[in-house]
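>>> Fold the following.
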Amino acid sequence: MSIMDLRGVNPAPVTAFTRNGDLDPKANADLARWLVSVKGVKSLVILGHAGEGTFLASDEQLELIRIYVEAVGKQVPIIAGITGEGTKVAALEAKRAFDAGATGALVYPNHGWLRFGFQKGAPQDRYKAIYEASGLQCILFQYPNATKASYDLQTQVEIAAQPGVVATKNGVRDMKRWDTEIPVLRKEFPELQILTCHDEWLLPTMFDVDGMLVGYGSLAPEPLVDYLAAAKARDYNAARAIHDRLLPVTKTIYHRGSHMEGTCALKLGLVARGKLEHATVRSPLMPLAAGAEKEIHDALAQAGLLSNVAQAA
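Below is the predicted model:
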């Protein structure tokens, strides 16, 4: 098995819809092709939270995988979010994703665990079943510490040791745990690719990782590539300068009442950048309040991420 190289920026794109809410094949393909044109983008991770993946019917999920695979060819792997409730359901979902052309699986925790927690061994069994059923290369997804689906260190170690697990996407959002657990994973599994998904808190985590897997990457892949390069060069001043440049954008996208609103904001940002024609989302997401479009446009302009035509709009 040729291991996916995720040591760079791995955008989690939004899903483009038509104005009446159907999948838009052309808009999604165009977005995919733009993202892979950015040097330093290593994969595209679809069907996650930023991509409204759980708001798509199963046939739409497979259609989106096929759209992305056809659009990018062999340039980068397409990684599918696997979100099914129940281990057998998730394994079948992964097998269908593989058949549609996906290379990797971002394995979400069983969502019942968010409220009730998990039994010891259950997460390990989920990853084992998904890999054995599909052959998809798996990414260990560490949820925020505030949830009951955040894996303890021993569970992470045991999942990372399993066949087919090639990376971890860590969004623990607890720096005490980050500073304790990331070094252990690094020591125990030197080849495990460690990816931050702290879209709103990249600077504190950037210097410890191989790459990032973020929805932010679908809006601003170019500066994020430079941001990561500065961190890998241990150049704090350069990384801090990019952080400060992006901070107005970060605030308008992610400093909102709900992290889910980030998807709505990302779409408005992509409209401002000329990458989408409109920002249609699916329920239960709702359009952002009046004024958000201008706020996001102005932040992108301040960060130098708009063309002259877009700035004048």
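>>> which residues in the stretch 201-313 of the chain form strands?
211-214 (DSSP state E, counting those that start in this stretch).
>>> Sorry, slip of the keys, the one I care about is the stretch 1-150 of the chain.
Under DSSP E, counting those that start in this stretch, the stretch 1-150 of the chain gives strands at 9-11, 44-46, 78-82, 104-107, 137-142.
>>> just the ones you listed: most buried one?
strand 9-11 (a mean of 30; mean count of other Cβ atoms under 10 Å). In short, each C-beta sits where N, CA and C put it, glycine included.
>>> which strands and helices sit next to that one?
Applying 3 or more Cβ pairs under 8 Å, 6 or more residues apart in numbering; DSSP states H and E, one finds that strand 9-11 contacts strand 44-46, strand 211-214, helix 221-232.
>>> one step back: make TSV from the strands of the stretch 1-150 of the chain and add distance to residue 299 to it.
Formatted as TSV, these follow (distance: least, Cβ to Cβ, whole Å):
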stretch	distance to residue 299
strand 9-11	19
strand 44-46	24
strand 78-82	27
strand 104-107	28
strand 137-142	29
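>>> Select, out of the ones you listed, the one closest to residue 58.
Residue 58 lies closest, by Cβ to Cβ, to one member of the strands of the stretch 1-150 of the chain: strand 78-82, at 11.7 Å.
>>> Need the contact partners of the closest one.
Identification of contacts with strand 78-82 by Cβ atoms under 8 Å, 6 or more residues apart in numbering yields 4, 10, 43-49, 51, 53, 61, 65, 68-69, 72, 90, 93-94, 97, 100-108, 130, 136, 139.
>>> neighbouring strands for that strand, and are they parallel or not?
Applying DSSP bridges to the sheet, strand 78-82 is found paired with strand 44-46 (parallel), strand 104-107 (parallel).
>>> will you turn the ones you listed into a markdown table that also has distance to residue 122 and mean pLDDT?
Formatted as a markdown table, the strands paired with strand 78-82 follow (distance: least, Cβ to Cβ, whole Å; pLDDT from 0 to 100):
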| stretch | distance to residue 122 | mean pLDDT |
| --- | --- | --- |
| strand 44-46 | 24 | 98 |
| strand 104-107 | 13 | 98 |
